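Engineer: generate a structure from the sequence data that follows.
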Amino acid sequence: MKGDAPARPGEICRELLAALDASEGRRRRRKRDTTPDAIGLTMKRELLERAVAADPEPEEFETWLHEQCLAAGGSEGGVRAMALSIFEEWRLAHDADSFREWLTRGAPSDDALSE
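Structural biologist: Prediction:
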């Protein structure tokens, strides 16, 4: 949060994975074809899972995401879009106390998938 040392990317990405459950819940309730949404959410989930496993240094996170885009080859465009989204959310978690607190609480949402 503001004024504190940057949180580890792996920590925030782990919390962002919980927030994806709400997105997936909303996607499943839509009446239209949500295949493109599912593809994007899958890309985002895979990037977040890799970020949790790699847990790059905070000052290297943007470079790490860029490397993931380059490694994607033919699907670079979609991966780049999801990487940008993740980077923006990571920065928001540092700048907006309420967003970080929501993530820390497990990103509660009525839209989240129930097990």
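Engineer: which stretches of this protein aren't confidently modelled?
Structural biologist: 1-4, 22-34, 36, 110-115 (pLDDT under 70).
Engineer: helices of that one, start to end?
Structural biologist: Counting by DSSP state H, the chain has helices at residues 9-29, 35-54, 61-71, 76-95, 97-104.
Engineer: now those as JSON lines including mean neighbour count?
Structural biologist: Every C-beta, even on glycine, is put in place using the N, C-alpha and C of the backbone. Listed next are the helices of the chain as JSON lines, based on neighbours: other Cβ atoms under 10 Å:
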{"stretch": "helix 9-29", "mean neighbour count": "18"}
{"stretch": "helix 35-54", "mean neighbour count": "16"}
{"stretch": "helix 61-71", "mean neighbour count": "16"}
{"stretch": "helix 76-95", "mean neighbour count": "17"}
{"stretch": "helix 97-104", "mean neighbour count": "15"}
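Engineer: from residue 90, how far off is the nearest residue to residue 103 once chain neighbours are set aside?
Structural biologist: Leaving aside its chain neighbours, residue 103 sits nearest to residue 15 (3.9 Å; criterion: Cβ to Cβ, 6 or more residues apart in numbering). Using Cβ to Cβ, to the nearest Å, we find residue 15 at a distance of 10 Å from residue 90.
Engineer: understood, closing this out.
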